[in-house]
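Peer 1: need a 3D model of the sequence below.
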Amino acid sequence: MTRMLPRPISRAVIRAAALLPIGAAVGCGPKPDQLSAFLRAYEQNVSASSYRVQPPDGLEISSPEALEIDGEYQVVRADGKITLRLLGEVKVAGLTPVEIADKLEQLLSRYYVNPNVMVRVSTANSKRYFVFGEVGGPGPYPYTGNDTLLKALALAQPTFLAWKSQVRVVRPSHDENERRELVVDVDEIIQHGKTQNNVLLQEGDVIYVPPTPLAWVGLRLRELLFPVPFVGNAVNSPIDLRDSGARYDQPVNASARRSF
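Peer 2: Sure thing, here's the model as predicted:
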């Protein structure tokens, strides 16, 4: 049986592949209008105060005066409500933690004088941001309202293939005029402490960590050569093909095997 070998890849193809990601990075710096669309972390002290609760977020409620609700943990139901002792069902969906606390204080004022209530979002399950590319932990992450690019990457852990000087933050929108993209040099933030580009994330933001140019070439070559080991194994081990029709519950008789 003749083994089929892949055609050799010319140096010109490898050279052209190496230049592709470099060329794509040239001139992709953020424009002034794009920069203005991304709020930097140091420009806002408390961003979590604007977080609006939705199902199935988890809330922690504390009120030293009202022991009926003090220490309560509630998950917002699909109807946007929570159920508390003494107060019954309370609709909280669409409100911020501060607004929920104010609402509970008003309801408690029928039973207590000047009750003090604090509400904290302990599990943010309704909102997400996304991290893709050369990271150890890709996928959606809970959006808490005070997530920064640096914090997101610390959680996702870029790999050794990551091109950290070309990290892209994409802010999607149904309106094409409102879509924004920002390229951030994370190496500069980490090595020199320049936090002016450590942007504050918003719900639905997409972070993409691209591979370095050399890693990009290696990944493309691996894609081209991926079928080769499979073909080689199929040619070298025809006995596996012969036994592939056997039932999974019938062990193969080792004495019946013969060499090819």
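Peer 1: OK, contacts around the residue lying closest to residue 83 once chain neighbours are set aside?
Peer 2: Of all residues beyond its chain neighbours, the one nearest residue 83 is residue 89 (5.3 Å), with distances taken as CB to CB, 6 or more residues apart in numbering. Using the backbone N, CA and C atoms, a C-beta is placed for each residue, glycine as well. Applying CB atoms under 8 Å, 6 or more residues apart in numbering, one finds that residue 89 lies in contact with 81-83.
Peer 1: where exactly do the helices run in the stretch 151-260 of the chain?
Peer 2: 186-192, 213-225, 227-236, 238-243 (DSSP state H, counting those that start in this stretch).
Peer 1: among those helices, which gets the worst mean confidence?
Peer 2: Between the helices of the stretch 151-260 of the chain, the lowest average pLDDT goes to helix 238-243, which shows a mean of 46.
Peer 1: who's in contact with residue 53?
Peer 2: The contact partners of residue 53, taken as CB under 8 Å, 6+ apart, are 59, 76, 92-97, 100, 121, 126.
Peer 1: swap in 10 Å and give it another go.
Peer 2: When contacts are counted by CB atoms under 10 Å, 6 or more residues apart in numbering, residue 53 touches 59, 76, 80, 82, 92-97, 99-100, 119, 121, 124, 126-127.
Peer 1: what does residue 78 give?
Peer 2: Contact partners of residue 78, counting by CB under 10 Å, 6+ apart, are 55-56, 93.
Peer 1: where does it fall, secondary structure wise?
Peer 2: Following DSSP states H and E, there is no helix or strand that holds residue 78.
Peer 1: gap between it and residue 162?
Peer 2: From residue 78 across to residue 162, the span is 39 Å (CB to CB, to the nearest Å).
Peer 1: same deal with residue 79?
Peer 2: The value you get for residue 79 to residue 162, if CB to CB is used, is 43 Å.
Peer 1: what about these two, which has more around it?
Peer 2: Higher neighbour count among residue 79 and residue 162: residue 162, with 23 against 10, using other CB atoms under 10 Å.
Peer 1: having no further points to raise, I will conclude here.
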